Structures are given as C-alpha cells and as structure tokens.
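sequence first, then the predicted structure:
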Amino acid sequence: MKNIVIIGGGISGLTAALELVEQNYQVTIIERNNIVGGVARTYQDEKNKICPYEYSWRAYGKWYQNVYDIMKRIQFNSKETVFDKLVVLQGGNKTCNKKIKNYDNEINNLPYLDYLKLLPSGIKYYCSCDERNRNDYSKIGLREYIHNLKLSKDTEDTIGKIVGPYLGFDYHNASVYDLIYFYEMLSNNSADEFNFSITSLPTNYVWFEPWIKLLKSKGVIILLNTEVIQIDMKINTINNIIIHDKLSNTYNNIKADYYVNCTGPEILQKLLKPYKLYPNISGFYHNISKVAKNGNQIQLSIYYYIDKKIFLENKNTLAYLPNTPWLLMVLPTGHIWGDKYLSKYCIKNIKEVISVGICEPYVKGLLIKKPWSECTREEIQIEAWYQLINDTEFKNNVCTQNNTKLEDINIIQFKMWDSYVYKNGKITTYEPKWGNNINTIQYRPNPMTPIINLFIAGSYTNTTTGTYSMESAAESGKIVAKSLCKFDNKKENIFLYTKRKNSKTHIIRYIDSLIYNKFYYIIIVIIFVIISVYYKKIK
C-alpha cells in the first residue's frame, strides 16, 4: 500500500483524503492549526463556554454538487447524513409583517440601455474559446470595465456591490473574465434538487468532526498543530519533508510515495522558494508566485453575541446591506442553531449570534471614518455595529424580541478570528483568502506539477467551478485524487461533477479555438492538398 502525505486539512485536503483512502492508499493529513477545516473552520471552546464562531461566513449554493456528494457520504448520526443538516435560506414570506429586500434577481433587471452596452462583450464571450476569453478579459478589472462602459450607478451597485460580495469577489480587483465565467457556470449548473443553504449548526460540529471520524475509521492519520517547514528535493522529486510539531516543539522527517499540497498558494510558494531557480521548476514557481500575489484578498467575518433574539424575513434569511459603506452581509445564526445549542455552549445571557461579513476594505466608515482594513479590532466592532443598526433598510425590516429597538440591544461578546492582527496601521493575516482577481486565471496550476511526486489541490487550482468557493475546493480535491490514481496506473471509481458550459455556442467556440490556436493553417494546407490532388486527377 503506497503512502500519501496531504499538507493542509481544509476542504480540498479532506476531500482528497477521503477519495484516496477509498482507493486503498495510506493517507496522512498534516494540519498546522489545532482544528481542521481551513478557512471554513469553526472555533469553539466548550470548556470555557465561549460561543462558537466561524473563520469566514459561508453558504452552500445550488451548484455545489461535489460538496453535496461529500456531505451525503458522511453520517452525522445514525439517522442523518451531513447533507440532512442543511437549512434552506428562505425568502418570499413575511414574518412579523416585515421583509428584507431580495437582491438575487437584480442582475436580470438592469436598465435597458446598460444591457445594450454590455451586449457586445457578452456576445463576444459566448462566441470565443476559453483561451481567447482569458487573454481578452482576465487583465481587465471589473470596476475599470464598468466605468469605461459608462454604466449607470444602479448597474454599478448591482454588479459591483451586490454580485461582488455574494461571490466573495473584491469589486476593486476582480477580473471581468471571472465574473462572466461565473455567470455562465451558474446559469448552466444550478440544480433544482439543491437549495441555497447553510448548516444548521457550526461547520466543524456538523460537518468536519463527523468527516474526521469517518477518515480515522478508514485508517487516515491526522497530525494537528503540525507545520511543514521544509521540502527536501533531489532533482525533480521530493525525497522527504520536515515537519514541526508545535506542541512538543520537535522536528521530524516524513517520507512518502506521493505528496499533495492543499495549502494556499502563498505557503506553497514559500516551500518551493529554495528551488525556484531549478530549470524544471522555475516556470511553475513563477506561476504560483503570481497567483499568490495577484489573488491575495482579505475579507472579514465577525460575530456579535447579543442579549435579545433577532431574526429576518422567514427567520432563515440572509440580509445584504448595499447602502452600508462596508457592504455588510448579515445572518442571525443563533436561532438557526437553536436555544438548546446556545445554552449548551454559550454563557446564559447570550440569546442570539449575529454573523456579519465585511466586504468593502477601502471605503471609510460612518463613525470612525476609516476603512476596516485600517481599523483595530475595537474600531471594527464599534463601526460595523454602528453601520448595522443605522442602516434604514435593516432597521425598518428586522424582527427583534419584544420589539426591542436595535440601539437598546446589548453586545455581550464580540469575536474576530485571532489570525487577523492590527499591525503598522493595517489589518493583516497569515491566512489570506485567494480571490478571482486580475491576472490570476492564466497562472492557476493543474494538479500535476513538474515535481514528479508532488500534486496540488485548492480552490486556486484549475477547476471547472472556477470561482473561489467551497465547491471549487471540493472539486480540486477530487481532481487531484483522480490525477494521482491515473499517474499511478490505478483504476479508480471517484465521482467528479464537472461544470457544463453553454452548449448553444459550442460549435462556434470550437471553430474559434482552432483559429486561435493556429490550427487553421493546417486546415488550409489540407484543403490546398485535397484541391491539388483533385485538380491533377481531373487533368
């Protein structure tokens, strides 16, 4: 049985581990944190009754087919799978006679004149091959594109302020290609059997802990609080890796047949730096460096623990507040988790948990007059809450316990992930997310690398999902497992859902691909030869 070491215990690493152990490989996961989950993980100190909080806010889309496949294979308990523990984010029904505006269909209601301005780009995209689209659109920023077309303010708010935060894009740095590609992917792959959902309990509790239990039952070894600090390589093959156990402060060598890197591009870049001048690695290293630099993005999630119950339309509803300077996304999650869970894991007077995503890092706040990326933790706590309770749309449509005024609600606790630190006047983190920014798509790597026994997975690698998301992470984990089995000449039975493209223009795109890749020269030569032969026969 061959050994595989997976570096990183996020969604891509856990997915690869599950698929590979089921193909009869011996798998070891190395995770630098004390819990798995990567940027989808949850912190929970049960002993000291500290309420759980997520590293980043998340929901599960209708195109998350690979994620749902994983969830259906993991038992939460004897009667339910993890998939059964999803809660649909509902809309359309009023609760307490109030209703938050739904922006989901705003993209389909743009001003007619703006549609005409966007139409040529849309036609060009759907009639061009991937290579041409990447070359033409990946270098153009979404904000620049909107301003150059002189689109209306309403359209800018829709595309930039609404679509951006919903997808986790940075409006100031996102590429036009990635946005159009996502729209095509979403249009052709949203499945009616799935819903826009969240988990009914904190992510680690409801998903990752049962997942780890399943992996361990299959023999997977999981090393937490352990960091890979060095790769030892000979020519173009990894000989071994050096790990640091942070709890015992010891260093060890680990040797395996194959290594799968499932960390972010910035960590992979650091590990490969000593070998960046190797002839067979330099180009690969250059691409990873470009992805790490150009795709670097910080998006913040914070949690308020308050003394009154609060909920939105139909209770299980997400509110997006595009009129707030920091473009807040708000999800009251305490009532979704339930009173029983809150009383078990939180101190007694906490009645609700408010999850807030902060999307806009460059615009000044209302009270503190600074962008959140330049604020301290205390300033972020004060400013985000101020924006929330003073937003007219939210204030007029939120439902509170006993009709309590928002300004009378007391904040019991505030949580923001410890890896975010205020340093030299800015918020920074050693765990940046990878974003679909300008000049990233053309550098995204494939699972197989120039290093013979190194494979890579992660949402920044090439996937058909394309967008930074849990789905692209899960897809990449499956892709790398299939690629490794193929490289090892091993038959596999791994289910992989690849996203379909628009089929109506498939022939046009295929012809354009031939033209773009200069195949038309060959076609012309063949036609010329056929005509010449035919002409000679006639003579």
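Nice, thanks for sending it over.

when you work out contacts or count neighbours from here on, use the C-alpha atoms and nothing else.
Fine.

just the strands in the stretch 201-350 of the chain please.
Assigned by DSSP state E, counting those that start in this stretch, the strands in the stretch 201-350 of the chain fall at 221-223, 226-234, 237-245, 250-254, 258-261, 296-297, 300-306, 310-311, 319-321, 328-332.

and those strands, which is most packed in?
strand 310-311 (a mean of 25; mean count of other C-alpha atoms under 10 Å).

for that strand, enumerate the helices and strands it packs against.
strand 399-400 (3 or more C-alpha pairs under 8 Å, 6 or more residues apart in numbering; DSSP states H and E).

the strand it packs on: how far from the chain's middle?
Chain-centre distance of strand 399-400: 31 Å, with C-alpha atoms, centre = their mean, to the nearest Å.

what does the average pLDDT come to for it?
Throughout strand 399-400, pLDDT has a mean value of 84.

helices and strands of this structure: which one bottoms out on pLDDT?
helix 519-538 (a mean of 69; mean pLDDT, DSSP states H and E).

so, low pLDDT: which residues of the stretch 201-350 of the chain?
313-315 (pLDDT under 70).

apply 90 and report the result again.
234-235, 297-300, 309-323, 329-348 (pLDDT under 90).

go on, the stretch 351-500 of the chain?
Applying pLDDT under 90 to the stretch 351-500 of the chain flags residues 359-361, 392-405, 417-419, 428-435.

thinking again about what came up before, what's the closest of the strands of the stretch 201-350 of the chain to residue 464?
For the strands of the stretch 201-350 of the chain, proximity to residue 464 was assessed by C-alpha to C-alpha; strand 258-261 is nearest, at 19.4 Å.

okay, the strands of the stretch 201-350 of the chain in a markdown table with distance to residue 184 next?
Output for these, formatted as a markdown table (distance: least, C-alpha to C-alpha, whole Å):
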| stretch | distance to residue 184 |
| --- | --- |
| strand 221-223 | 38 |
| strand 226-234 | 38 |
| strand 237-245 | 39 |
| strand 250-254 | 43 |
| strand 258-261 | 29 |
| strand 296-297 | 23 |
| strand 300-306 | 27 |
| strand 310-311 | 33 |
| strand 319-321 | 23 |
| strand 328-332 | 24 |
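
quick one: which of those strands is nearest residue 109?
strand 319-321 (17.5 Å).

just checking: what are the partner strands of that closest one?
strand 328-332 (antiparallel) (DSSP bridges).

angle of the partner strand against strand 300-306?
On the basis of axes from the mean of the first three to the mean of the last three C-alpha atoms, to 10 degrees, strand 328-332 is oriented at 40 degrees to strand 300-306.

pull strand 328-332 out as PDB, backbone CA atoms only.
The C-alpha trace of strand 328-332 is given here as PDB (Å, rounded to 0.1, in the frame of the first residue of the first chain):
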ATOM      1  CA  LEU A 328     -22.300  44.300   5.300                       C
ATOM      2  CA  MET A 329     -23.700  40.800   4.900                       C
ATOM      3  CA  VAL A 330     -25.800  39.900   8.000                       C
ATOM      4  CA  LEU A 331     -27.100  36.400   9.100                       C
ATOM      5  CA  PRO A 332     -28.600  35.900  12.500                       C
END
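
any idea how far that strand is from the chain center?
With C-alpha atoms, centre = their mean, you get 18 Å for strand 328-332.

centre-most residue in the protein?
Nearest to the mean C-alpha position of the chain, by C-alpha atoms, centre = their mean, lies residue 469 at 2.3 Å.

right, and it touches residue 458 too?
No - judged on C-alpha atoms under 8 Å, residue 469 makes no contact with residue 458 at a distance of 9.6 Å.

hmm, back to that, once you drop chain neighbours, what's closest to the residue nearest to the centre of the chain?
Excluding its sequence neighbours, the residue lying closest to residue 469 (C-alpha to C-alpha, 6 or more residues apart in numbering) is residue 459, at 6.6 Å.

the one you found: what's it in contact with?
12, 434, 466, 467, 468, 469, 470, 472, 473, 474, 476 (C-alpha atoms under 8 Å, 6 or more residues apart in numbering).

then residue 301?
54, 55, 56, 57, 355, 356, 357, 358, 416, 417.

now it: how far from residue 365?
16 Å (C-alpha to C-alpha, to the nearest Å).

what do you get for residue 358?
Taking C-alpha to C-alpha as the measure, residue 358 falls 12 Å from residue 365.

can you check residue 206 too?
35 Å.

do the same with residue 345
Residue 345 is 33 Å from residue 365, by C-alpha to C-alpha.

neighbour count: the two, which is higher?
residue 365 (20 against 17; other C-alpha atoms under 10 Å).

helix/strand/coil for the residue nearest to residue 469?
coil (DSSP: H, G, I helix; E, B strand; the rest coil).

how about low-confidence regions in the stretch 1-150 of the chain?
1, 39, 42-59, 88-112, 115, 143.

switch to 50 and redo it
Where the stretch 1-150 of the chain drops to pLDDT under 50, the residues are 92-93.

residue boundaries of the helices in it?
Secondary structure of the stretch 1-150 of the chain (DSSP state H, counting those that start in this stretch): helices located at 11-21, 65-72, 112-126, 130-137, 142-148.

average pLDDT for stretch 161-174?
The average of the pLDDT scores along stretch 161-174 is 81.

tell me the buried residues in that stretch?
161-166, 168-174 (16 or more other C-alpha atoms under 10 Å).

what about the residue lying closest to residue 236 once chain neighbours are set aside, distance to residue 12?
Spatial nearest neighbour of residue 236, chain neighbours left out: residue 451 (4.9 Å); criterion: C-alpha to C-alpha, 6+ apart. Taking C-alpha to C-alpha as the measure, residue 451 falls 20 Å from residue 12.

who's more crowded, the two?
residue 12 (30 against 17).

got the contact list for that one?
262, 457, 458, 459, 473, 474, 475, 476, 477.

tell me how many other residues surround the second one.
Using other C-alpha under 10 Å, the number of residues around residue 457 comes to 36.

my guess is it meets residue 477, correct?
Yes - when contacts are counted by C-alpha under 8 Å, residue 457 is listed as touching residue 477 (5.6 Å).

any common contacting residues for these two?
With C-alpha under 8 Å, 6+ apart, residue 457 and residue 477 have common neighbours 12, 13.

now list the buried members of the contacts of residue 459.
Neighbour counting over those (16+ other C-alpha under 10 Å) leaves 12, 434, 466, 467, 468, 469, 470, 472, 473, 474, 476 as the buried ones.

which SS class is the fourth one?
Three-state secondary structure (criterion: three-state DSSP) places residue 467 in coil.
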